[in-house]
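S.K.: I would like to see how this sequence folds:
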Amino acid sequence: MVTTRTRTHRLLFGAVAGALALLATGCSDDPDGKPADVSVTADKLCGGAVVTKDAAKAIEVITGETRFIASGESSTVTDAAEELTREAITSTNERGDICRIYPYAPVDELRIRWVLMSNAPKGTPDPKFTRLPMGERAGAAHDTAYVTFACGRNQPDYISAWAEATGRPTEPEGDERPLKNAYATLAHAFALAMAKELNCEDNAGLKPKPSLIPAS
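M.R.: This next block holds a predicted model:
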């Protein structure tokens, strides 16, 4: 279990910075660092280990596609964290990319990112989000979702996993729930993977499956 702020920061920074480095190099056969235009299924993205069956289906629902540009075998939470756990950071607020998913669809890209906070989330959430009973706070909208969890006993850090579309995603006509559920499922999958990588006690209270029934 992560019991110190420094340890948590090292692990999270490793995941963030390592992923960025891998996206610039290991995720591509192109010398310019662009993603290799190799078509793969959703379950092969981001190293494959994090993309569960439910997460893969969520990616397909969001993008309307079943084939994607490969993100590289080394672009995983585990590899990125292991690479840079030796490095320490001094800031108490960090953020960065873990994986970027490139579909052949109107969504320019699907971005998975992590945000590290030193304090618990406070205030009233943005009304665009439907609140969900996961972790410390979770919410979903038709184009983004997040799951925030605490890691550590005495002075826990708060880590959010975000899944969001970039560009100008088309607003859904009619019921938004399928898209909201898809984004929430994807954010939960990466939040759970990060909690496991950080050795958070009891996986930071995150269940194996996302909780998609809105919080009361």
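S.K.: verify the stated contact: Gly205 with Pro133.
M.R.: No: with contact defined as CB atoms under 8 Å, Gly205 and Pro133 do not form a contacting pair (10.6 Å). Bear in mind the C-beta positions are built from the backbone N, C-alpha and C, glycine included.
S.K.: surely Arg111 touches Gly167?
M.R.: No: at 10.1 Å, Arg111 does not count as touching Gly167 under the criterion of CB under 8 Å.
S.K.: who's more crowded, the two?
M.R.: The residue with more neighbours, out of Arg111 and Gly167, is Arg111; 17 against 11, by other CB atoms under 10 Å.
S.K.: following element in sequence after the helix or strand of the chain with the lowest mean pLDDT, please.
M.R.: For the chain, scoring each helix and strand by mean pLDDT, DSSP states H and E identifies helix 5-24 as the least confident one, at a mean of 37. With elements assigned by DSSP states H and E, the helix or strand that comes after helix 5-24 is strand 39-40.
S.K.: packing partners for that following strand?
M.R.: Secondary structure elements in contact with strand 39-40, counted by 3 or more CB pairs under 8 Å, 6 or more residues apart in numbering; DSSP states H and E, are strand 68-69.
S.K.: partner strands of the strand it packs on and their direction?
M.R.: According to DSSP bridges, the neighbouring strands of strand 68-69, each with its direction, are strand 39-40 (antiparallel), strand 94-103 (antiparallel).
S.K.: what about the last one, average pLDDT?
M.R.: Throughout strand 94-103, pLDDT has a mean value of 80.
S.K.: which ones are touching Lys128?
M.R.: Contacts for Lys128 were tallied using CB atoms under 8 Å, 6 or more residues apart in numbering; they are Ala141.
S.K.: got phi/psi on it?
M.R.: Backbone torsions for Lys128, taken as degrees, to the nearest 10, come to phi -70, psi -20.
S.K.: what does Gly47 give?
M.R.: Recorded main-chain torsions at Gly47 are phi 90, psi -20, according to degrees, to the nearest 10.
S.K.: what's the spacing between it and Gly174?
M.R.: Noted for Gly47: a distance of 35 Å to Gly174, by CB to CB, to the nearest Å.
S.K.: neighbour count winner among these two?
M.R.: Neighbour totals were compared for Gly47 and Gly174, and Gly47 leads with 22 against 6 (other CB under 10 Å).
S.K.: the strands paired with strand 68-69 into JSON lines, with extra columns for distance to Leu192 and mean neighbour count?
M.R.: JSON lines is the format used below for these (distance: least, CB to CB, whole Å; neighbours: other CB atoms under 10 Å):
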{"stretch": "strand 39-40", "distance to Leu192": "22", "mean neighbour count": "12"}
{"stretch": "strand 94-103", "distance to Leu192": "13", "mean neighbour count": "20"}
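S.K.: what would those look like in CSV with distance to Ala193?
M.R.: Formatted as CSV, the strands paired with strand 68-69 follow (distance: least, CB to CB, whole Å):
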stretch, distance to Ala193
strand 39-40, 19
strand 94-103, 9
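S.K.: do you know which of these lies nearest Val61?
M.R.: Comparing the strands paired with strand 68-69 by their distance to Val61 (CB to CB), the top pick is strand 94-103, with 11.5 Å.
S.K.: fine, thanks again, bye for now.
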